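S.K.: My questions concern the predicted model and sequence given below.
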Amino acid sequence: MELFDERRLRELVYGGAVLGAGGGGSIKAGLAAGREALALGSPRLVQIDELSPATLIATLSIVGSMGGMSGAQPCPHGLALRQLARLEKKHIGAVVASEVGPQAVTYGWRESATADFPIVDAPCNGRAHPLGVMGSLGLNRRPTHIAGAVAIGGNAGGSNYVHLSLRTSATKAGKMIRDTAASSDIPLAVARNLLPASYVKSHAAIGGLKYAAQVGAIMLREMEHGLDGLLHQLVRFMGGRILFAGRVNSVSLTESLGFTLGHIRLHDRCGGECAVGVCNEYLVLRKERKSLATFPDLITVFDFESSLPLASPQVKPGMHVAVLGVPRSRLKLGSTMKDRALLIPIERRLNLPLTGSGMTISHAPKTTTIQAGVHDRRA
């Protein structure tokens, strides 16, 4: 068991910003949520093997577009958990985060501090993802499995308040919650899919929070020295490479169907161009009509000025950026990442292929493109 503190919060949030790949909330919201929880008590982290195999674990998430989730948002997960326990008529023994992102790594902190729910280092996915069903721990492949889901958002008693309680399949629940978030334009705090620890262990990204903290420790140690050194260290640790570096040429993102959707186009000083497809997260990077990386490969856009990863709504024309790619084989991923069929609806929205084989492992960091990006920035 580990009691969270300010140091671990910063490591998790900054590591989550890298693994969020443009999604998973914002650094500001993650730090605010974690510090609020720390002021209330001591959130605690446990490993899955510390729990009885029969312990029932609930998944926590927030559903909404990245544009709608900007800034610190109220997160009534505690109310959603209480309603889920009533709906299922069962005791909830622990919670997991649906994904890893700068805000997602703090899901459950407040509830752990105030109601003694342990947080398990077994997020449904070790990176951020665009669809709620991608955090369903494989239940999308079990259409006859009926589970409870509770989604809450807005101000209680106000005209914008949303409270949705469901018992249905994971796929139907995900669509209904996403549609509700889109129609109400309110981020929804969700508690869902009460499952035994033995099942979670077989489908979750075990150790995903520990890995995020390791990435965050590199971020905090290196980012004040500039992006070159930071990316070199991340490439060495994560086994990735720099996919592109240059200037943001155009950003075409819209809020649609509860997603932040569109494309970001980059160019470098040598005339090279690439395009990044966005559905909340950065899902594909294409150069010369070839995909250099596709989801669930990690694609993270860094700002040269601040050395920070950028959430997708933060990317603006004229920025000087570098794009880090990490092969999916080097990430901690949940079992749903093996289901390529989940990407087909997003392919249609972006009009880009997402079902390729993805990146290959690189053992040697490529620093030439980083230097090209630095030269371009100073010109």
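M.R.: All right, it came through fine. Keep in mind the model is a prediction, meaning the values are calculated, not measured.
S.K.: how about low-confidence regions in the stretch 251-379 of the chain?
M.R.: For the stretch 251-379 of the chain, applying pLDDT under 70 flags the ranges 355-357, 361-379.
S.K.: repeat that with 50
M.R.: The stretch 251-379 of the chain contains residues with pLDDT under 50 at 363-369, 372-379.
S.K.: Tell me which helix or strand residue 266 sits in.
M.R.: Secondary structure from DSSP states H and E places residue 266 in strand 259-267.
S.K.: what sits up against that strand?
M.R.: 65-67, 130, 182, 244, 246-255, 273-280, 282, 301, 312-313, 315, 321, 323, 349-350 (CB atoms under 8 Å, 6 or more residues apart in numbering). C-beta coordinates here come from the backbone N, C-alpha and C atoms, glycine included.
S.K.: Go again with 7 Å.
M.R.: In this structure, residues lying in contact with strand 259-267 by CB atoms under 7 Å, 6 or more residues apart in numbering are 65-67, 130, 244, 246-254, 273-280, 312-313, 315, 321, 349.
S.K.: Which stretches in this protein count as helices?
M.R.: Per DSSP state H, the chain carries helices over the ranges 6-19, 27-40, 77-88, 109-115, 170-184, 197-203, 208-222, 227-238, 344-350, 368-378.
S.K.: okay, the second one in PDB with CA atoms only?
M.R.: Right, helix 27-40. Output in PDB follows, covering the C-alpha atoms of helix 27-40 (Å, rounded to 0.1, in the frame of the first residue of the first chain):
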ATOM      1  CA  ILE A  27      -2.400  19.200 -16.100                       C
ATOM      2  CA  LYS A  28      -4.200  22.100 -14.300                       C
ATOM      3  CA  ALA A  29      -7.300  20.000 -13.600                       C
ATOM      4  CA  GLY A  30      -5.200  17.000 -12.500                       C
ATOM      5  CA  LEU A  31      -3.100  19.000 -10.000                       C
ATOM      6  CA  ALA A  32      -6.200  20.800  -8.700                       C
ATOM      7  CA  ALA A  33      -8.100  17.500  -8.200                       C
ATOM      8  CA  GLY A  34      -5.200  15.800  -6.500                       C
ATOM      9  CA  ARG A  35      -4.500  18.700  -4.100                       C
ATOM     10  CA  GLU A  36      -8.100  18.900  -3.100                       C
ATOM     11  CA  ALA A  37      -8.000  15.300  -2.200                       C
ATOM     12  CA  LEU A  38      -4.800  15.600  -0.300                       C
ATOM     13  CA  ALA A  39      -6.300  18.400   1.700                       C
ATOM     14  CA  LEU A  40      -9.100  16.100   2.800                       C
END
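S.K.: List the buried residues in that helix.
M.R.: Under the neighbour-count criterion of 16 or more other CB atoms under 10 Å, helix 27-40 has 27, 29, 30, 31, 32, 33, 34, 37, 38 buried.
S.K.: can you tell me how far the second one sits from residue 104?
M.R.: Between residue 29 and residue 104 the computed distance is 10 Å (CB to CB, to the nearest Å).
S.K.: Count the neighbours of the nearest residue to residue 201 once chain neighbours are set aside for me.
M.R.: Excluding its sequence neighbours, the residue lying closest to residue 201 (CB to CB, 6 or more residues apart in numbering) is residue 48, at 5.0 Å. Using other CB atoms under 10 Å, residue 48 is surrounded by 20 other residues.
S.K.: What is the neighbour count of the residue nearest to residue 162 when sequence neighbours are not counted?
M.R.: Closest residue to residue 162 apart from its sequence neighbours, by CB to CB, 6+ apart: residue 153 at 4.7 Å. If you count neighbours by other CB under 10 Å, residue 153 ends up with 27.
S.K.: Might you report the residue contacts of residue 153?
M.R.: Contacts of residue 153 (CB under 7 Å, 6+ apart): 162, 186, 187, 188, 189.
S.K.: most neighbours, which of these?
M.R.: residue 188 (27 neighbours).
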